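Participant: can you look at this prediction? I've put the sequence above it.
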Amino acid sequence: MSKRGGSSRKRKSNNAQLAEKAFLYAEKAPVIAYPGWESALNCHFMDLIAHYRICEARWCINNEIATEYEAFTYLYTASLATPFDREWYRIYFHLFKKFYGHLLSKMDDWDEWDGGELSDYEKQLLIDLRKWIFKKQMRVLSQMQKQRQMRKQRQGKSEAEQEKGEGVETGEVRE
C-alpha cells in the first residue's frame with residue numbers, strides 16, 4: 001500500500017511539474033521570428049500563437065517541440081526576407097492551408113499551387129524546425145529564470161545588509 005501511495009504522490013508531483021512547465025511555456029516563451037522581421041507579427045499572429053500554445057502546451061513540453069502555428073509564423077517572417085526552395089515552399093504552403101485554408105477558396109487558381117501531402121523528408125524538416133524553435137524558446141526561458149534568481153539573490157543580500165545597517169543605527173546606546 002505504501003508503494004502505491006508513494007508512486008501516486010510522485011505522479012502528482014510530476015503532473016504538477018509538467019503543468020507548471022506548460023504554463024510557463026504558454027505564457028512566457030518568446031515568439032521566434034526570422035531576425036529583423038519580428039515586427040511583421042501583428043496582434044492577429046500573436047493572439048493565435050497564444051491560443052495554440054495554451055491548447056498544446058503540455059504536449060509541446062512532453063515532446064520538446066513548438067506548435068505548428070509557431071513554425072508557420074517563423075516561416076512567414078522568413079518568407080519576407082528570403083525566397084524559399086521547393087521543400088520550404090511546400091512546407092509553408094502546407095501550414096498555410098492548415099491554418100488559413102478558408103482563404104484559399106477565394107482565390108481562383110489556388111489548387112495549381114497545391115503540391116499534395118508533404119514527403120517524409122519535408123515532414124522531417126518541419127519537425128526539425130519545430131524542435132529548433134522550441135530549443136531557442138527554452139534557452140531564453142532558462143536565461144530569464146537565471147536572471148530572475150540573480151535579482152532575488154541581490155535583493156536578498158541588499159535586504160540583509162539593510163537590516164544589518166538598521167540594527168547598528170537603531171541599536172541601544174550603552175553608557
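Facilitator: Right, received. Where do you want to start? Numbers count the residues shown, from 1 in each chain.

Participant: and the residue nearest the centre of this structure?
Facilitator: A29 (3.9 Å; Cα atoms, centre = their mean).

Participant: pretty sure it contacts R53?
Facilitator: Yes: between A29 and R53 there is a contact under Cβ atoms under 8 Å: 7.2 Å. Yep, even glycine has a C-beta here, placed from its N, CA and C like the rest.

Participant: which helices and strands does the top helix by length along the chain pack with?
Facilitator: The single longest helix within the chain, with elements called by DSSP state H, is helix 120-170. On a contact count with 3 or more Cβ pairs under 8 Å, 6 or more residues apart in numbering; DSSP states H and E, helix 120-170 meets helix 2-28, helix 68-81, helix 86-104.

Participant: relative to helix 86-104, how tilted is that helix?
Facilitator: 80 degrees (axes from the mean of the first three to the mean of the last three Cα atoms, to 10 degrees).

Participant: can you pull the buried residues of stretch 42-57?
Facilitator: Under the neighbour-count criterion of 16 or more other Cβ atoms under 10 Å, stretch 42-57 has F45, L48, I49, Y52, R53, E56, A57 buried.

Participant: A16: which of the residues you listed is nearest?
Facilitator: Proximity of those to A16 (Cβ to Cβ) peaks at A57, which lies at 14.3 Å.

Participant: need the contact list for that closest one.
Facilitator: Neighbouring residues of A57 by Cβ atoms under 8 Å, 6 or more residues apart in numbering: A22, F23, Y25, A26.
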